[in-house]
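Participant: Below is the structure, and that's it, no one-letter string:
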(Lines give C-alpha, C1' and ligand atoms only; values in the text may rest on other atoms or scores of the structure.)
Protein backbone atom coordinates (compact mmCIF):
# COMPACT_ATOMS: atom_id res chain seq x y z
CA UNK A 1 0.00 0.00 0.00
CA UNK A 2 1.19 3.51 -0.79
CA UNK A 3 0.64 6.60 1.27
CA UNK A 4 0.68 10.22 0.21
CA UNK A 5 1.13 13.61 1.71
CA UNK A 6 -2.38 15.07 2.03
CA UNK A 7 -1.35 18.46 0.65
CA UNK A 8 0.33 16.87 -2.36
CA UNK A 9 -2.74 14.75 -3.06
CA UNK A 10 -5.12 17.68 -2.85
CA UNK A 11 -2.95 19.93 -4.99
CA UNK A 12 -3.13 17.42 -7.83
CA UNK A 13 -6.61 16.00 -7.39
CA UNK A 14 -8.21 19.41 -7.17
CA UNK A 15 -7.46 20.04 -10.83
CA UNK A 16 -7.96 16.51 -11.99
CA UNK A 17 -11.20 14.73 -11.31
CA UNK A 18 -14.69 16.05 -11.84
CA UNK A 19 -17.45 14.12 -10.63
CA UNK A 20 -19.23 21.36 -17.60
CA UNK A 21 -37.06 40.32 -27.90
CA UNK A 22 -33.91 42.44 -27.50
CA UNK A 23 -31.31 43.50 -29.93
CA UNK A 24 -27.62 43.89 -29.24
CA UNK A 25 -26.67 45.05 -25.77
CA UNK A 26 -25.78 48.73 -25.54
CA UNK A 27 -23.49 50.40 -23.03
CA UNK A 28 -24.42 53.81 -21.69
CA UNK A 29 -20.83 54.60 -20.69
CA UNK A 30 -17.59 54.63 -22.64
CA UNK A 31 -17.06 51.12 -23.95
CA UNK A 32 -14.09 49.19 -22.65
CA UNK A 33 -13.31 51.50 -19.71
CA UNK A 34 -13.38 48.50 -17.36
CA UNK A 35 -10.50 46.63 -19.03
CA UNK A 36 -7.26 46.76 -17.04
CA UNK A 37 -5.23 46.66 -20.27
CA UNK A 38 -7.49 49.13 -22.13
CA UNK A 39 -7.96 46.40 -24.72
CA UNK A 40 -11.70 45.75 -25.16
CA UNK A 41 -12.96 42.38 -26.31
CA UNK A 42 -12.95 42.21 -30.09
CA UNK A 43 -15.22 39.17 -30.61
CA UNK A 44 -18.93 39.93 -30.48
CA UNK A 45 -21.96 37.70 -30.12
CA UNK A 46 -22.94 36.65 -33.64
CA UNK A 47 -26.14 34.73 -32.98
CA UNK A 48 -29.29 35.41 -30.98
CA UNK A 49 -31.92 32.73 -30.52
CA UNK A 50 -35.53 33.09 -29.44
CA UNK A 51 -36.01 31.88 -25.86
CA UNK A 52 -39.13 29.83 -26.49
CA UNK A 53 -42.47 31.48 -25.93
CA UNK A 54 -40.89 34.35 -23.98
CA UNK A 55 -40.15 35.80 -27.43
CA UNK A 56 -36.92 37.29 -26.12
CA UNK A 57 -33.85 36.97 -28.35
CA UNK A 58 -30.97 35.80 -26.14
CA UNK A 59 -27.30 35.41 -26.98
CA UNK A 60 -26.42 31.82 -27.87
CA UNK A 61 -23.54 32.15 -25.38
CA UNK A 62 -24.99 33.35 -22.08
CA UNK A 63 -23.57 33.94 -18.62
CA UNK A 64 -24.03 31.67 -15.63
CA UNK A 65 -22.75 34.05 -12.98
CA UNK A 66 -22.28 31.65 -10.06
CA UNK A 67 -18.49 31.63 -10.44
CA UNK A 68 -18.20 35.24 -11.70
CA UNK A 69 -16.76 37.50 -9.01
CA UNK A 70 -15.39 40.43 -11.04
CA UNK A 71 -18.11 42.83 -12.16
CA UNK A 72 -15.81 44.29 -14.83
CA UNK A 73 -15.49 40.85 -16.40
CA UNK A 74 -19.28 40.61 -16.50
CA UNK A 75 -19.44 44.10 -18.03
CA UNK A 76 -16.97 42.96 -20.68
CA UNK A 77 -19.21 40.00 -21.52
CA UNK A 78 -22.30 42.22 -21.75
CA UNK A 79 -20.42 44.78 -23.84
CA UNK A 80 -19.52 41.91 -26.21
CA UNK A 81 -23.22 41.14 -26.67
CA UNK A 82 -23.96 38.56 -23.95
CA UNK A 83 -27.50 39.34 -22.79
CA UNK A 84 -28.70 36.24 -20.89
CA UNK A 85 -27.53 36.67 -17.27
CA UNK A 86 -28.37 33.89 -14.79
CA UNK A 87 -27.87 34.14 -11.03
CA UNK A 88 -29.53 32.92 -7.80
CA UNK A 89 -30.48 34.42 -4.47
CA UNK A 90 -28.06 32.16 -2.58
CA UNK A 91 -24.96 32.57 -4.79
CA UNK A 92 -22.38 34.10 -2.48
CA UNK A 93 -25.10 34.59 0.14
CA UNK A 94 -26.65 37.26 -2.08
CA UNK A 95 -23.37 38.92 -3.06
CA UNK A 96 -23.55 37.54 -6.60
CA UNK A 97 -26.85 39.32 -7.20
CA UNK A 98 -25.29 42.50 -5.81
CA UNK A 99 -22.38 42.12 -8.24
CA UNK A 100 -24.73 41.52 -11.17
CA UNK A 101 -26.76 44.57 -10.14
CA UNK A 102 -23.68 46.78 -10.18
CA UNK A 103 -22.58 45.43 -13.56
CA UNK A 104 -25.87 45.86 -15.43
CA UNK A 105 -26.54 49.44 -14.35
CA UNK A 106 -24.28 50.72 -17.14
CA UNK A 107 -26.38 49.00 -19.84
CA UNK A 108 -29.81 49.25 -21.38
CA UNK A 109 -31.90 47.13 -19.03
CA UNK A 110 -34.44 46.22 -21.72
CA UNK A 111 -31.69 44.55 -23.77
CA UNK A 112 -30.91 42.04 -21.01
CA UNK A 113 -32.70 38.86 -19.98
CA UNK A 114 -32.07 38.69 -16.23
CA UNK A 115 -32.90 35.40 -14.52
CA UNK A 116 -32.58 34.39 -10.87
CA UNK A 117 -33.35 31.18 -9.01
CA UNK A 118 -34.82 30.31 -5.61
CA UNK A 119 -34.87 27.03 -3.70
CA UNK A 120 -38.41 26.39 -2.45
CA UNK A 121 -39.74 23.75 -0.07
CA UNK A 122 -43.17 22.67 1.12
CA UNK A 123 -42.69 24.87 4.20
CA UNK A 124 -42.44 28.08 2.16
CA UNK A 125 -45.44 30.40 1.84
CA UNK A 126 -46.58 32.69 -0.94
CA UNK A 127 -45.89 35.71 1.26
CA UNK A 128 -42.41 34.49 2.14
CA UNK A 129 -41.45 33.80 -1.49
CA UNK A 130 -42.76 37.19 -2.62
CA UNK A 131 -40.65 38.85 0.08
CA UNK A 132 -37.55 36.94 -1.02
CA UNK A 133 -38.04 37.91 -4.66
CA UNK A 134 -38.38 41.56 -3.70
CA UNK A 135 -35.06 41.32 -1.87
CA UNK A 136 -33.57 39.78 -5.04
CA UNK A 137 -34.84 42.80 -6.98
CA UNK A 138 -33.22 45.13 -4.47
CA UNK A 139 -29.88 43.37 -4.70
CA UNK A 140 -30.05 43.31 -8.49
CA UNK A 141 -31.01 47.00 -8.50
CA UNK A 142 -33.77 46.43 -11.04
CA UNK A 143 -37.52 46.99 -11.14
CA UNK A 144 -38.29 43.63 -12.70
CA UNK A 145 -36.95 40.17 -13.49
CA UNK A 146 -37.27 38.62 -16.92
CA UNK A 147 -37.23 35.14 -15.40
CA UNK A 148 -37.52 33.51 -12.02
CA UNK A 149 -36.74 29.84 -11.63
CA UNK A 150 -37.69 27.18 -9.15
CA UNK A 151 -34.18 25.98 -8.36
CA UNK A 152 -33.15 22.33 -8.58
CA UNK A 153 -36.50 20.58 -8.57
CA UNK A 154 -35.89 16.94 -7.66
CA UNK A 155 -39.32 15.54 -8.55
CA UNK A 156 -42.44 16.30 -10.56
CA UNK A 157 -44.25 16.92 -7.30
CA UNK A 158 -41.80 19.69 -6.40
CA UNK A 159 -42.48 21.65 -9.59
CA UNK A 160 -46.13 21.89 -8.59
CA UNK A 161 -45.29 23.81 -5.39
CA UNK A 162 -48.46 25.79 -4.73
CA UNK A 163 -46.81 28.67 -2.87
CA UNK A 164 -44.25 29.21 -5.63
CA UNK A 165 -46.87 29.46 -8.36
CA UNK A 166 -49.08 31.72 -6.24
CA UNK A 167 -46.10 34.00 -5.60
CA UNK A 168 -45.21 34.07 -9.29
CA UNK A 169 -48.74 35.02 -10.31
CA UNK A 170 -48.77 37.87 -7.80
CA UNK A 171 -45.37 39.15 -8.88
CA UNK A 172 -46.29 38.90 -12.57
CA UNK A 173 -49.50 40.86 -11.96
CA UNK A 174 -47.40 43.51 -10.21
CA UNK A 175 -45.04 43.69 -13.19
CA UNK A 176 -42.11 42.48 -11.07
CA UNK A 177 -41.52 39.18 -12.91
CA UNK A 178 -42.24 38.28 -16.54
CA UNK A 179 -41.55 34.57 -16.95
CA UNK A 180 -41.37 31.38 -14.89
CA UNK A 181 -38.83 28.58 -15.15
CA UNK A 182 -37.30 25.56 -13.45
CA UNK A 183 -33.80 24.11 -13.15
CA UNK A 184 -32.86 20.51 -12.39
CA UNK A 185 -29.64 18.76 -11.32
CA UNK A 186 -31.24 15.35 -10.86
CA UNK A 187 -31.91 13.53 -7.60
CA UNK A 188 -31.12 15.07 -4.22
CA UNK A 189 -29.71 13.83 -0.93
CA UNK A 190 -29.55 10.11 -1.55
CA UNK A 191 -33.23 9.75 -2.40
CA UNK A 192 -33.85 6.94 -4.86
CA UNK A 193 -34.27 8.68 -8.22
CA UNK A 194 -37.72 7.46 -9.19
CA UNK A 195 -37.87 10.55 -11.39
CA UNK A 196 -34.65 11.52 -13.17
CA UNK A 197 -33.83 14.88 -14.76
CA UNK A 198 -35.70 14.06 -17.95
CA UNK A 199 -38.89 13.13 -16.10
CA UNK A 200 -38.72 16.26 -13.94
CA UNK A 201 -38.21 18.63 -16.89
CA UNK A 202 -40.82 16.76 -18.94
CA UNK A 203 -43.19 17.21 -16.03
CA UNK A 204 -42.50 20.93 -15.96
CA UNK A 205 -43.20 21.22 -19.70
CA UNK A 206 -46.41 19.20 -19.39
CA UNK A 207 -47.46 21.33 -16.42
CA UNK A 208 -47.84 24.27 -18.79
CA UNK A 209 -46.88 27.04 -16.38
CA UNK A 210 -43.15 27.18 -17.14
CA UNK A 211 -41.69 29.24 -19.98
CA UNK A 212 -38.04 28.18 -19.74
CA UNK A 213 -35.93 25.39 -18.29
CA UNK A 214 -32.28 24.94 -17.26
CA UNK A 215 -30.65 21.53 -17.34
CA UNK A 216 -27.53 19.45 -18.07
CA UNK A 217 -26.51 18.53 -21.61
CA UNK A 218 -23.07 17.69 -22.99
CA UNK A 219 -21.36 15.37 -25.48
CA UNK A 220 -20.91 12.56 -22.96
CA UNK A 221 -24.36 12.85 -21.42
CA UNK A 222 -26.48 13.22 -24.53
CA UNK A 223 -29.59 11.07 -24.39
CA UNK A 224 -31.60 12.79 -21.65
CA UNK A 225 -30.64 16.25 -22.87
CA UNK A 226 -31.57 15.55 -26.48
CA UNK A 227 -34.95 14.14 -25.45
CA UNK A 228 -35.61 17.25 -23.36
CA UNK A 229 -34.56 19.56 -26.20
CA UNK A 230 -36.95 17.86 -28.62
CA UNK A 231 -39.80 18.34 -26.19
CA UNK A 232 -38.81 21.97 -25.57
CA UNK A 233 -38.87 22.65 -29.31
CA UNK A 234 -42.25 20.95 -29.73
CA UNK A 235 -43.78 22.98 -26.89
CA UNK A 236 -41.96 26.27 -27.57
CA UNK A 237 -40.12 26.25 -24.23
CA UNK A 238 -36.85 28.16 -23.82
CA UNK A 239 -33.90 25.80 -23.18
CA UNK A 240 -30.80 27.01 -21.31
CA UNK A 241 -27.89 24.67 -20.62
CA UNK A 242 -25.45 24.18 -17.76
CA UNK A 243 -22.47 21.89 -17.21
CA UNK A 244 -21.82 21.63 -20.93
CA UNK A 245 -18.18 20.65 -20.38
CA UNK A 246 -18.27 17.13 -18.88
CA UNK A 247 -14.69 17.24 -17.66
CA UNK A 248 -14.63 20.71 -16.19
CA UNK A 249 -11.86 21.99 -18.43
CA UNK A 250 -8.88 20.56 -16.53
CA UNK A 251 -9.81 16.94 -16.07
CA UNK A 252 -7.50 15.01 -18.35
CA UNK A 253 -4.20 16.87 -18.11
CA UNK A 254 -2.93 15.37 -14.86
CA UNK A 255 -0.84 12.25 -15.56
CA UNK A 256 0.71 11.78 -12.15
CA UNK A 257 -2.58 12.25 -10.25
CA UNK A 258 -2.02 9.94 -7.34
CA UNK A 259 1.47 9.20 -5.99
CA UNK A 260 0.25 8.09 -2.59
CA UNK A 261 -2.93 8.36 -0.57
CA UNK A 262 -3.26 9.47 3.00
CA UNK A 263 -6.49 9.64 4.92
CA UNK A 264 -5.74 10.39 8.53
CA UNK A 265 -2.70 8.12 8.44
CA UNK A 266 -4.69 5.09 7.31
CA UNK A 267 -3.72 2.67 4.56
CA UNK A 268 -5.65 2.70 1.32
CA UNK A 269 -8.09 -0.20 0.87
CA UNK A 270 -7.26 -2.41 -2.10
CA UNK A 271 -10.49 -1.64 -3.94
CA UNK A 272 -9.89 2.12 -3.76
CA UNK A 273 -6.27 1.72 -4.88
CA UNK A 274 -7.46 -0.37 -7.83
CA UNK A 275 -9.91 2.34 -8.85
CA UNK A 276 -7.17 4.96 -8.76
CA UNK A 277 -4.82 2.80 -10.81
CA UNK A 278 -7.51 2.48 -13.47
CA UNK A 279 -8.04 6.23 -13.53
CA UNK A 280 -4.32 6.94 -13.89
CA UNK A 281 -4.01 4.48 -16.76
CA UNK A 282 -7.01 6.06 -18.49
CA UNK A 283 -5.44 9.49 -18.11
CA UNK A 284 -2.21 8.28 -19.69
CA UNK A 285 -4.12 6.81 -22.64
CA UNK A 286 -6.24 9.90 -23.12
CA UNK A 287 -3.36 12.36 -22.83
CA UNK A 288 -1.66 10.85 -25.87
CA UNK A 289 -4.93 11.06 -27.80
CA UNK A 290 -5.56 14.65 -26.76
CA UNK A 291 -2.12 15.79 -27.83
CA UNK A 292 -2.49 14.06 -31.19
CA UNK A 293 -5.92 15.58 -31.77
CA UNK A 294 -4.75 19.07 -30.69
CA UNK A 295 -7.19 19.09 -27.80
CA UNK A 296 -4.53 18.75 -25.12
CA UNK A 297 -5.21 22.12 -23.50
CA UNK A 298 -8.21 23.00 -21.37
CA UNK A 299 -9.52 25.86 -23.52
CA UNK A 300 -9.49 23.85 -26.76
CA UNK A 301 -11.39 20.97 -25.18
CA UNK A 302 -13.96 23.26 -23.63
CA UNK A 303 -14.44 25.10 -26.90
CA UNK A 304 -15.16 21.77 -28.61
CA UNK A 305 -17.66 20.94 -25.87
CA UNK A 306 -19.48 24.25 -26.31
CA UNK A 307 -19.54 23.96 -30.09
CA UNK A 308 -21.12 20.54 -29.68
CA UNK A 309 -24.14 21.88 -27.78
CA UNK A 310 -24.42 24.97 -29.98
CA UNK A 311 -24.94 22.61 -32.92
CA UNK A 312 -28.42 21.86 -31.63
CA UNK A 313 -30.79 24.62 -32.76
CA UNK A 314 -33.22 23.73 -29.99
CA UNK A 315 -30.69 25.15 -27.52
CA UNK A 316 -31.55 28.75 -26.67
CA UNK A 317 -28.43 29.67 -24.70
CA UNK A 318 -25.35 27.97 -23.26
CA UNK A 319 -24.46 29.44 -19.87
CA UNK A 320 -20.74 30.04 -19.37
CA UNK A 321 -18.95 31.18 -16.20
CA UNK A 322 -16.74 34.06 -17.30
CA UNK A 323 -14.07 34.29 -14.60
CA UNK A 324 -11.49 36.31 -16.56
CA UNK A 325 -11.28 38.73 -19.49
CA UNK A 326 -9.57 35.95 -21.45
CA UNK A 327 -12.63 33.76 -20.82
CA UNK A 328 -14.79 36.43 -22.42
CA UNK A 329 -12.50 36.67 -25.44
CA UNK A 330 -12.27 32.90 -25.82
CA UNK A 331 -15.91 31.96 -25.42
CA UNK A 332 -17.71 34.90 -27.02
CA UNK A 333 -15.75 34.03 -30.16
CA UNK A 334 -17.63 30.70 -30.22
CA UNK A 335 -20.96 32.42 -30.81
CA UNK A 336 -22.52 31.35 -34.07
CA UNK A 337 -19.99 28.55 -34.64
CA UNK A 338 -20.61 24.85 -35.23
CA UNK A 339 -18.62 21.64 -35.11
CA UNK A 340 -17.00 20.40 -38.29
CA UNK A 341 -17.17 16.71 -39.18
CA UNK A 342 -13.61 16.37 -37.92
CA UNK A 343 -14.52 18.01 -34.63
CA UNK A 344 -17.43 15.63 -34.20
CA UNK A 345 -15.13 12.67 -34.75
CA UNK A 346 -12.76 13.99 -32.07
CA UNK A 347 -15.62 14.57 -29.61
CA UNK A 348 -16.92 11.03 -30.15
CA UNK A 349 -13.44 9.57 -29.66
CA UNK A 350 -12.92 11.58 -26.49
CA UNK A 351 -16.26 10.38 -25.15
CA UNK A 352 -15.42 6.75 -25.91
CA UNK A 353 -11.97 6.93 -24.31
CA UNK A 354 -12.86 8.91 -21.21
CA UNK A 355 -16.58 8.33 -20.72
CA UNK A 356 -16.08 5.93 -17.83
CA UNK A 357 -14.26 8.65 -15.88
CA UNK A 358 -17.22 11.05 -15.94
CA UNK A 359 -19.91 10.75 -13.27
CA UNK A 360 -23.00 11.90 -15.18
CA UNK A 361 -24.55 15.02 -13.73
CA UNK A 362 -28.22 14.61 -12.82
CA UNK A 363 -28.02 10.81 -13.11
CA UNK A 364 -28.11 9.24 -9.63
CA UNK A 365 -28.90 5.75 -10.95
CA UNK A 366 -26.44 4.13 -8.54
CA UNK A 367 -27.77 5.75 -5.37
CA UNK A 368 -30.43 3.18 -4.63
CA UNK A 369 -27.73 0.49 -4.37
CA UNK A 370 -25.75 2.30 -1.67
CA UNK A 371 -26.43 0.60 1.69
CA UNK A 372 -25.35 3.77 3.51
CA UNK A 373 -27.63 6.11 1.52
CA UNK A 374 -24.74 8.34 0.44
CA UNK A 375 -26.11 11.21 -1.74
CA UNK A 376 -23.74 10.44 -4.62
CA UNK A 377 -25.28 12.75 -7.22
CA UNK A 378 -25.28 15.70 -4.84
CA UNK A 379 -21.71 15.08 -3.66
CA UNK A 380 -20.38 14.87 -7.20
CA UNK A 381 -22.17 18.13 -8.05
CA UNK A 382 -20.50 19.83 -5.09
CA UNK A 383 -17.16 18.43 -6.25
CA UNK A 384 -17.85 19.94 -9.68
CA UNK A 385 -18.34 23.33 -8.02
CA UNK A 386 -15.06 22.82 -6.14
CA UNK A 387 -12.93 21.89 -9.13
CA UNK A 388 -14.57 23.25 -12.28
CA UNK A 389 -16.07 26.47 -10.95
CA UNK A 390 -13.52 27.44 -8.27
CA UNK A 391 -16.31 27.74 -5.69
CA UNK A 392 -14.31 25.92 -3.04
CA UNK A 393 -15.74 27.46 0.13
CA UNK A 394 -19.32 27.13 -1.06
CA UNK A 395 -18.78 23.48 -2.05
CA UNK A 396 -17.12 22.63 1.26
CA UNK A 397 -19.88 24.38 3.21
CA UNK A 398 -22.64 22.53 1.38
CA UNK A 399 -20.83 19.22 1.81
CA UNK A 400 -20.50 19.80 5.56
CA UNK A 401 -24.23 20.54 5.74
CA UNK A 402 -25.24 17.22 4.15
CA UNK A 403 -27.45 15.14 6.42
CA UNK A 404 -26.55 11.50 7.00
CA UNK A 405 -23.52 9.70 5.59
CA UNK A 406 -20.96 11.42 3.38
CA UNK A 407 -18.29 10.01 1.06
CA UNK A 408 -15.88 9.37 3.93
CA UNK A 409 -17.55 6.01 4.39
CA UNK A 410 -16.68 5.09 0.79
CA UNK A 411 -13.02 4.39 1.58
CA UNK A 412 -13.88 1.11 3.28
CA UNK A 413 -16.93 0.16 1.22
CA UNK A 414 -17.11 -2.66 -1.32
CA UNK A 415 -18.20 -0.27 -4.07
CA UNK A 416 -21.89 -1.08 -4.57
CA UNK A 417 -22.33 2.18 -6.54
CA UNK A 418 -19.61 1.28 -9.01
CA UNK A 419 -21.12 -2.15 -9.62
CA UNK A 420 -24.52 -0.56 -10.27
CA UNK A 421 -23.30 2.18 -12.64
CA UNK A 422 -24.59 1.43 -16.18
CA UNK A 423 -21.78 3.54 -17.67
CA UNK A 424 -18.93 1.76 -15.90
CA UNK A 425 -17.82 4.96 -14.15
CA UNK A 426 -15.08 4.52 -11.52
CA UNK A 427 -17.33 6.30 -9.08
CA UNK A 428 -15.86 4.60 -6.02
CA UNK A 429 -12.52 6.34 -6.56
CA UNK A 430 -14.17 9.62 -7.60
CA UNK A 431 -16.09 9.74 -4.33
CA UNK A 432 -12.83 9.30 -2.41
CA UNK A 433 -11.37 12.29 -4.26
CA UNK A 434 -14.53 14.30 -3.59
CA UNK A 435 -14.29 13.58 0.13
CA UNK A 436 -10.65 14.67 0.25
CA UNK A 437 -11.57 17.92 -1.50
CA UNK A 438 -14.74 18.74 0.37
CA UNK A 439 -13.96 17.63 3.93
CA UNK A 440 -11.32 20.34 4.43
CA UNK A 441 -12.07 22.95 7.04
CA UNK A 442 -12.91 26.43 5.82
CA UNK A 443 -10.15 28.79 6.83
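Facilitator: Ah, there it is. Because the structure is predicted, anything quoted here is derived from the model rather than measured.

Participant: Can you show me the helices along the stretch 151-300 of the chain?
Facilitator: Shown for the stretch 151-300 of the chain, the helices assigned by DSSP state H, counting those that start in this stretch span residues 162-173, 197-207, 223-235, 270-292, 298-310.

Participant: weakest of those helices by average pLDDT?
Facilitator: Between the helices of the stretch 151-300 of the chain, the lowest average pLDDT goes to helix 270-292, which shows a mean of 63.

Participant: who touches stretch 222-239?
Facilitator: 50-54, 58, 181, 196-198, 201-202, 205, 210-213, 215-218, 241, 312, 314-316, 362 (CB atoms under 8 Å, 6 or more residues apart in numbering). Placement of C-beta: from N, CA and C, glycine included.

Participant: got the buried residues for that stretch?
Facilitator: Neighbour-count burial for stretch 222-239 flags 224-225, 228-229, 231-232, 237-239 (criterion: 16 or more other CB atoms under 10 Å).

Participant: Now do the closest residue to residue 130 other than its chain neighbours against residue 120, distance only.
Facilitator: With sequence-adjacent residues excluded and distances taken as CB to CB, 6 or more residues apart in numbering, residue 130 is closest to residue 167, at 4.8 Å. In this view, residue 167 and residue 120 are 9 Å apart by CB to CB, to the nearest Å.

Participant: How about residue 45?
Facilitator: According to CB to CB, residue 45 and residue 120 sit 32 Å apart.

Participant: How about residue 67?
Facilitator: Computed as CB to CB, the residue 67 to residue 120 distance reads 23 Å.

Participant: and residue 147, helix, strand or coil?
Facilitator: Under DSSP: H, G, I helix; E, B strand; the rest coil, the three-state class of residue 147 is strand.

Participant: Which positions are bridged to it in the beta structure?
Facilitator: Legend: beta-bridge partners of residue 147 under DSSP bridges are residue 115, residue 179.

Participant: Give me the pLDDT for it.
Facilitator: So residue 147 comes in at 98 (pLDDT).

Participant: Using neighbour counts, pick out the buried residues of stretch 365-380.
Facilitator: Neighbour-count burial for stretch 365-380 [16+ other CB under 10 Å]: 365-368, 370, 374-380.

Participant: Okay, and which of these map to helices?
Facilitator: Judged by DSSP state H, the subset of these located in helices is 376-380.

Participant: Now do the domain split for this structure, please.
Facilitator: Following automatic domain parsing, one finds the domains of the chain at 6-14+254-296+359-438, 48-247+298-332.

Participant: hey, least reliable of those domains by pLDDT?
Facilitator: For these, mean pLDDT drops lowest on domain 6-14+254-296+359-438, to a mean of 72.

Participant: Identify the residues contacting the spatially most central residue of the chain.
Facilitator: Residue closest to the mean C-alpha point of the chain, counted by CA atoms, centre = their mean, is residue 243 at 3.8 Å. Counting by CB under 8 Å, 6+ apart, residue 243 touches 20, 216, 218, 361, 384.

Participant: can you name the two of these that are farthest apart?
Facilitator: Using CB to CB, those span at most 11.8 Å, a distance reached by 218 and 384.

Participant: in what helix or strand does the residue lying closest to residue 391 once chain neighbours are set aside lie?
Facilitator: Excluding the flanking residues, the one nearest residue 391 by CB to CB, 6+ apart is residue 385, at 4.4 Å. Element membership for residue 385, per DSSP states H and E: helix 376-388.

Participant: right, and the helix or strand after that helix?
Facilitator: helix 392-400.

Participant: following that following helix, which helix or strand comes up?
Facilitator: helix 416-420.

Participant: Which elements pack onto the next helix-or-strand element following that following helix?
Facilitator: Proceeding N to C from helix 416-420, the next assigned helix or strand is helix 427-438, under DSSP H and E. Under the contact criterion of 3 or more CB pairs under 8 Å, 6 or more residues apart in numbering; DSSP states H and E, helix 427-438 touches helix 6-13, helix 270-292, helix 376-388, helix 392-400, helix 416-420.

Participant: one step back: restricted to buried residues, select the contacts of stretch 222-239 in PyMOL.
Facilitator: Only the buried entries of those go into this PyMOL selection, using 16+ other CB under 10 Å:
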select buried, resi 51+52+54+58+181+196+197+198+201+202+205+210+211+212+213+215+216+217+218+241+312+314+315+316+362
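
Participant: Can you flag which of the contacts of stretch 222-239 belong to strands?
Facilitator: 50, 58, 181, 212-213, 215-216, 241 (DSSP state E).

Participant: Tell me the one of those nearest residue 407?
Facilitator: Taking those together and measuring to residue 407 by CB to CB, the closest member is residue 216, at 20.7 Å.

Participant: For the closest one, name its beta-bridge partners.
Facilitator: residue 242.

Participant: if I pick it, what's in contact with it?
Facilitator: Here residue 216 is in contact with 185-186, 197, 224-225, 241-243, 361-362 (CB under 8 Å, 6+ apart).

Participant: Would you mind giving those as CSV with distance to residue 433 added?
Facilitator: What follows is those, written out as CSV (distance: CB to CB, whole Å):
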residue, distance to residue 433
185, 19
186, 20
197, 23
224, 25
225, 25
241, 26
242, 22
243, 18
361, 16
362, 20
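
Participant: Looking at those residues, point me to the pair that's furthest apart.
Facilitator: Within these, 186 and 241 form the most distant pair, 14.6 Å apart (CB to CB).

Participant: State the distance from residue 149 to residue 215.
Facilitator: 11 Å.

Participant: Pretty sure residue 69 sits in a helix.
Facilitator: No: counting by three-state DSSP, residue 69 is not found in a helix; it is coil.

Participant: Near the closest residue to it other than its chain neighbours, how many other residues are there?
Facilitator: Spatial nearest neighbour of residue 69, excluding adjacent residues (CB to CB, 6+ apart): residue 99 at 7.0 Å. Neighbour count for residue 99, taken as other CB atoms under 10 Å: 22.

Participant: Okay then, goodbye and thanks.
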